[in-house]
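Visitor: Turn this into a model:
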Amino acid sequence: MSNTHSEHHGPGYGLFIAIWGVLMCLTVVTVWAASIDLGFLNVVAAMTIASTKALLVTFFFMHLKYENITLKTMVLLAFVILAIFIGFTFFDTAYR
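Guide: Down below sits the predicted model:
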């Protein structure tokens, strides 16, 4: 009987450190973008950067990249529904 739990699978520490570095760079970009007046594009830039950071955390730190397609599809569906709700909220606040 083999012990399958002792096998190491998934990314190594090098990938985690690289992802952490990218997350720190995106945080700096967020602060830099907030200091520039782009009008409505400030919200778009902030949401894009935040979504990228959330995807990196979800795929690598929460190991979604290594899960089966069913779980990936369920998480994608949840994000699509969340994006629809956020979109409706933007429309609601834009036309008040």
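Visitor: ranges for the helices of the protein?
Guide: All helices of the chain, identified by DSSP state H, fall at 13-34, 41-56, 69-94.
Visitor: Between those helices, which one is closest to residue 62.
Guide: The closest of these to residue 62 is helix 69-94. By CB to CB, the value is 9.1 Å. Using the backbone N, CA and C atoms, a C-beta is placed for each residue, glycine as well.
Visitor: Off-centre distance for the closest one?
Guide: Relative to the chain's own centre, helix 69-94 is displaced by 13 Å; criterion: CA atoms, centre = their mean, to the nearest Å.
Visitor: Just the mean pLDDT for that helix, thanks.
Guide: In this model, helix 69-94 has an average pLDDT of 89.
Visitor: how near is residue 77 to residue 88?
Guide: Residue 77 sits 17 Å away from residue 88, going by CB to CB, to the nearest Å.
Visitor: er, residue 67 actually
Guide: Distance from residue 67 to residue 88, counting by CB to CB: 29 Å.
Visitor: Residue 26 too?
Guide: In this view, residue 26 and residue 88 are 26 Å apart by CB to CB.
Visitor: go on, residue 81?
Guide: Note on residue 81: its distance to residue 88, by CB to CB, is 11 Å.
Visitor: before we move on, what about residue 43?
Guide: Counting by CB to CB - residue 43 and residue 88 are separated by 15 Å.
Visitor: quick one: which of residue 26 and residue 88 has more around it?
Guide: Comparing residue 26 with residue 88 by neighbour count (other CB atoms under 10 Å), the higher total belongs to residue 26, at 16 against 10.
Visitor: residues in contact with the more buried one?
Guide: With contacts defined as CB atoms under 8 Å, 6 or more residues apart in numbering, residue 26 is in contact with 49, 52, 53.
Visitor: Hmm, the last one is touching residue 20, no?
Guide: Spelled out, that is residue 53. No. Counting by CB atoms under 8 Å, residue 53 does not reach residue 20; the two are 11.1 Å apart.
Visitor: and the two? which has more neighbours close in?
Guide: Ranked by neighbour count (other CB under 10 Å), residue 53 and residue 20 place residue 53 first, with 17 against 13.
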